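Asker: Sequence first, then the predicted structure:
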There are 2 protein chains.
Amino acid sequence: MASHGARGRSGGRPTLEEVAARAGVGRGTVSRVINGSPRVSDATRAAVEAAVAELGYVPNTAARALAANRTDAIALVVPEPETRFFSEPYFSDMLKGVGAELSDTEMQLLLIFAGSDKERRRLAQYLAAHRVDGVLLVSVHADDPLPDLLAQLDIPAVISGPRSAAETLPSVDSDNYGGARQAVEHLLSRGRRRVAHITGRLDVYGAQRRTEGYRDALSDAGHEVDDALIEPGDFTEEGGSRAMAALLERRPDLDAVFAASDVTAAGARQALREAGRRIPDDVALVGYDDSAIARHMEPPLTSVRQPIEVMGRRMIDLLLTEVADRRPLASRGLDRRQVVLATELVPRSSS
Amino acid sequence: MASHGARGRSGGRPTLEEVAARAGVGRGTVSRVINGSPRVSDATRAAVEAAVAELGYVPNTAARALAANRTDAIALVVPEPETRFFSEPYFSDMLKGVGAELSDTEMQLLLIFAGSDKERRRLAQYLAAHRVDGVLLVSVHADDPLPDLLAQLDIPAVISGPRSAAETLPSVDSDNYGGARQAVEHLLSRGRRRVAHITGRLDVYGAQRRTEGYRDALSDAGHEVDDALIEPGDFTEEGGSRAMAALLERRPDLDAVFAASDVTAAGARQALREAGRRIPDDVALVGYDDSAIARHMEPPLTSVRQPIEVMGRRMIDLLLTEVADRRPLASRGLDRRQVVLATELVPRSSS
DNA sequence: ATCACTGGTGGGAGCGCTCCCACAGTACCT
DNA sequence: AGGTACTGTGGGAGCGCTCCCACCAGTGAT
């Protein structure tokens, strides 16, 4: 853990100037070495590195930020209360990917919750102060003012889950449409014929796409799409349960359900059980997310897995590119950088 | 969200200087107003505030940090991989308390994971660069070098869960000893006579205290402490299960178990069930933490609840005091600031 | 020998603040 | 009238970097 032996006189930490003196070079040269500029001779570089090691020099971030007008920090903004953040394995996986991708960088990651109004005001203030070089936005609703604020402040941002087909921000998403198709095609291949669908919150673009995937998978397979087999949910367990009850009432002959999330599926399972339907014997059930819930459900739930960790990594990729492009005067806005990652169906005994 | 209307010429954000010019005062005066100094006349203050609002001025944190040698940020350091952090509701509750207590402050909270060696090296570097004014340490093992590093760098720190009775750092903890006593006394009051104990990791001070509480509760009630009824665990489910099996083999007549954590209790329950013992009929079970596991267990688990959110708040209290004391030359080291909070037994049907 | 260059280097200027000293103004004693 | 003690204020001097321009060899072409 570094040598903290020798120190500058004033009892404080050594400065660039002191390193320069010790190495017998100028300030500029030390700065070049520290920042890995190639325009330094090997001998000089070695001398500077020795001085750095001897003094235990660590650059002063504040000074660097002031002089270079950058912070070397990016924020992961979660517009939800802490509680949801922790309960959803989604976030933890994403954070893992983000952390991994960031680990060979100098960038520092800040985690900022903006669930309450108060927290959002603080965040706005924080961003206005340009305390981060870029922002990672997760689970943003279509009408959130945050993306606009960021654009206005000219702060690079990447969003996970575009807000619409016309998303202007760089984004990373999984293939919601394709994932939904996989789920429905799987059910059809198992011989199911009356496949119902409980949607997610339809103000979330990804949820819309899943519903579209459901429709297209059915019609492409030569089935007609029966609107009576579609019931809106809201990604919650209660919503799933309520929707399932409604579907059973309307179409008691259904033999399969594609739920827009695992949590929704858990609610649906509850309603099915109360109605005396067996899973998968009477009704096959497929969820979305492949979360812990899916593995622990009774019976284990077939689900569509998203590569969340990879999504985290790709978001960092995009953001770092954005940040780097911002340094000189880069041309932006034209090339929409939207990444879409493939999903995978994980079959279990619920279907 | 602030007015971002008028701007300084250079296209950039307005500076102190510009605010001063606009308000017709000097730089020093604006600085005083911004920092809430009382040595400013009301008229001047009003003029400055107006200028600030008109220009949408936001102080440059880097400049402030450089000039004032502080960062207005503190770090919550978690020496565990992300995964554990997210799975334990402990952390989420603590974070809630910390966030709440920090919300009427200018302080920014950074969440830093230091589970791997690589991450720890980065953290050391980060701390050496003095990028935070203080550190909150959670779940630190007795032999962790982190506290020493912090002391060496002279960075204020507060620890949750002292490393030993001789802890030198300010700390916040719940009353592990008392909590254990509550658990055992509860079991005795229910008529149990052969109360076993599965310990936590005994290199964790809190776990030791729980075991001491178990012993003292028994002997104070006039029971002899039988070492054959004590089996070491490690806070994990497997550990709990293994320990329970060992106990059953050694003392098949036991009629109650106090487990050092809910997770341990979950493991014990498994082993008891496999041995054909009914809970609570044959064996009563009490856990520790009152986590979600306790509520969802079958049967629901009696457990000892710690006021984790409050602990988070108190940690911030202590840390902010430390940080403030550090500004002038305060006398430290003498008054050990150790906070211990009371626990509460939550009885459920497992006992 | 002269004139380009080019890789390597030193150091001034400045980033936007806070700190602190100096000073004007007023008030209240001797 | 002359001190003494404030309160409120302006502005110089940094904080420790990065940026950039100037400069000094050396090298090869003319």
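Answerer: Looks like it arrived, so ask away. Computed from a predicted model, the values in this text were never measured in an experiment.
Asker: All the helices of the stretch 151-300 of chain A, residue numbers only.
Answerer: Per DSSP state H, counting those that start in this stretch, the stretch 151-300 of chain A carries helices over the ranges A:176-189, A:205-220, A:237-250, A:262-274, A:292-296.
Asker: Indicate which one of those is closest to A:Thr168.
Answerer: Checking those against A:Thr168 by C-beta to C-beta gives helix A:205-220 as the closest, at 13.1 Å. C-betas here are computed from N, CA, C, even on glycine.
Asker: Which helix or strand lies directly C-terminal to the helix or strand bottoming out on mean pLDDT in chain A?
Answerer: In chain A, no helix or strand scores lower on mean pLDDT, DSSP states H and E than helix A:82-87, which sits at a mean of 70. Next helix or strand after helix A:82-87 toward the C-terminus (DSSP states H and E): helix A:89-102.
Asker: quick one: contacts of that next one?
Answerer: A:76, A:78, A:85-86, A:109, A:111, A:136, A:138, A:160, A:289, A:291-292, A:308-313, A:315-317, B:82-83, B:85-86, B:113, B:119 (C-beta atoms under 8 Å, 6 or more residues apart in numbering or on different chains).
Asker: Number of residues surrounding A:Thr236?
Answerer: A count of nearby residues for A:Thr236, using other C-beta atoms under 10 Å in any protein chain shown, gives 16.
Asker: actually A:Val257, not the one I typed
Answerer: Neighbours around A:Val257, by other C-beta under 10 Å: 34.
Asker: Around DNA strand C, pick out the residues from chain A.
Answerer: A:24-29, A:31-32, A:38-41, A:43-45, A:63, A:66-67, A:69 (C-beta under 7 Å from any atom of the strand).
Asker: Would you mind checking these for buried ones?
Answerer: Buried by 16 or more other C-beta atoms under 10 Å in any protein chain shown: A:Val25, A:Thr29, A:Ser31, A:Arg32, A:Val40, A:Thr44, A:Arg45, A:Ala63, A:Leu66, out of the residues of chain A next to DNA strand C.
Asker: mind putting those in CSV, distance to A:Leu254, pLDDT and secondary structure included?
Answerer: Formatted as CSV, these follow (distance: C-beta to C-beta, whole Å; pLDDT from 0 to 100; DSSP: H, G, I helix; E, B strand; the rest coil):
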residue, distance to A:Leu254, pLDDT, secondary structure
A:Val25, 77, 95, coil
A:Thr29, 74, 95, helix
A:Ser31, 69, 96, helix
A:Arg32, 69, 95, helix
A:Val40, 71, 93, coil
A:Thr44, 76, 94, helix
A:Arg45, 71, 95, helix
A:Ala63, 66, 96, helix
A:Leu66, 64, 95, helix
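Asker: Intersect the residues of chain A next to DNA strand C with the contacts of chain B.
Answerer: Contacts with chain B within these, as defined by C-beta under 8 Å from any C-beta of the partner chain: A:Ala63, A:Leu66.
Asker: Contact partners for whichever residue of the stretch 201-350 of chain A sits closest to chain B?
Answerer: Using C-beta to the nearest C-beta, A:Ala292 is the residue of the stretch 201-350 of chain A that sits closest to chain B, at 9.2 Å. If you count contacts by C-beta under 8 Å, 6+ apart, A:Ala292 has them with A:Pro89.
Asker: ok, now how distant is it from B:Pro89?
Answerer: Distance of A:Ala292 to B:Pro89, computed by C-beta to C-beta, to the nearest Å: 14 Å.
Asker: And for A:Ala183?
Answerer: Relative to B:Pro89, and taking C-beta to C-beta, A:Ala183 is found at 31 Å.
Asker: Name the residue in these two with the higher neighbour count.
Answerer: For A:Ala183 versus B:Pro89, neighbours defined as other C-beta under 10 Å are more numerous around A:Ala183 (29 against 18).
Asker: Pick out the residue of the stretch 151-300 of chain A closest to DNA strand D.
Answerer: Nearest to DNA strand D in the stretch 151-300 of chain A, going by C-beta to the nearest atom of the strand, is A:Pro156, at a distance of 16.8 Å.
Asker: Spatially nearest residue to A:Val283 (excluding sequence neighbours)?
Answerer: A:Arg277 (4.9 Å; C-beta to C-beta, 6 or more residues apart in numbering or on different chains).
Asker: Isn't the one you found up against A:Leu285?
Answerer: No - using C-beta atoms under 8 Å, A:Arg277 is not in contact with A:Leu285, being 9.7 Å away.
Asker: Of these two, give the one with the bigger neighbour count.
Answerer: A:Leu285 (27 against 20).
Asker: Checking the nearest residue to that one once chain neighbours are set aside next. Helix, strand or coil?
Answerer: Distances taken as C-beta to C-beta, 6+ apart place A:Ser350 nearest to A:Leu285, at 4.5 Å, with adjacent residues excluded. Secondary structure assignment for A:Ser350 (DSSP: H, G, I helix; E, B strand; the rest coil): coil.
Asker: Equivalent analysis for A:Ala62, please.
Answerer: Using three-state DSSP, the structure places A:Ala62 in helix.
Asker: Name the helix or strand for the one residue in chain A that gets nearest to DNA strand C, please.
Answerer: In chain A, the residue found nearest to DNA strand C is A:Gly28; the distance is 2.3 Å by C-beta to the nearest atom of the strand. Using DSSP H and E, A:Gly28 maps to helix A:27-34.
Asker: how about that helix, does it reach DNA strand D?
Answerer: Yes - residues of helix A:27-34 contacting DNA strand D under C-beta under 7 Å from any atom of the strand: A:Arg27, A:Gly28, A:Ser31, A:Ile34.
Asker: now the helices of the stretch 151-300 of chain A in TSV, with mean pLDDT and distance to A:Ser103?
Answerer: Output for the helices of the stretch 151-300 of chain A, formatted as TSV (pLDDT from 0 to 100; distance: least, C-beta to C-beta, whole Å):
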stretch	mean pLDDT	distance to A:Ser103
helix A:176-189	98	29
helix A:205-220	97	28
helix A:237-250	96	36
helix A:262-274	94	29
helix A:292-296	78	25
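Asker: For my notes, please list these in CSV and give distance to DNA strand D for each entry.
Answerer: Listed next are the helices of the stretch 151-300 of chain A as CSV, based on distance: least, C-beta to the nearest atom of the strand, whole Å:
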stretch, distance to DNA strand D
helix A:176-189, 41
helix A:205-220, 38
helix A:237-250, 51
helix A:262-274, 47
helix A:292-296, 44
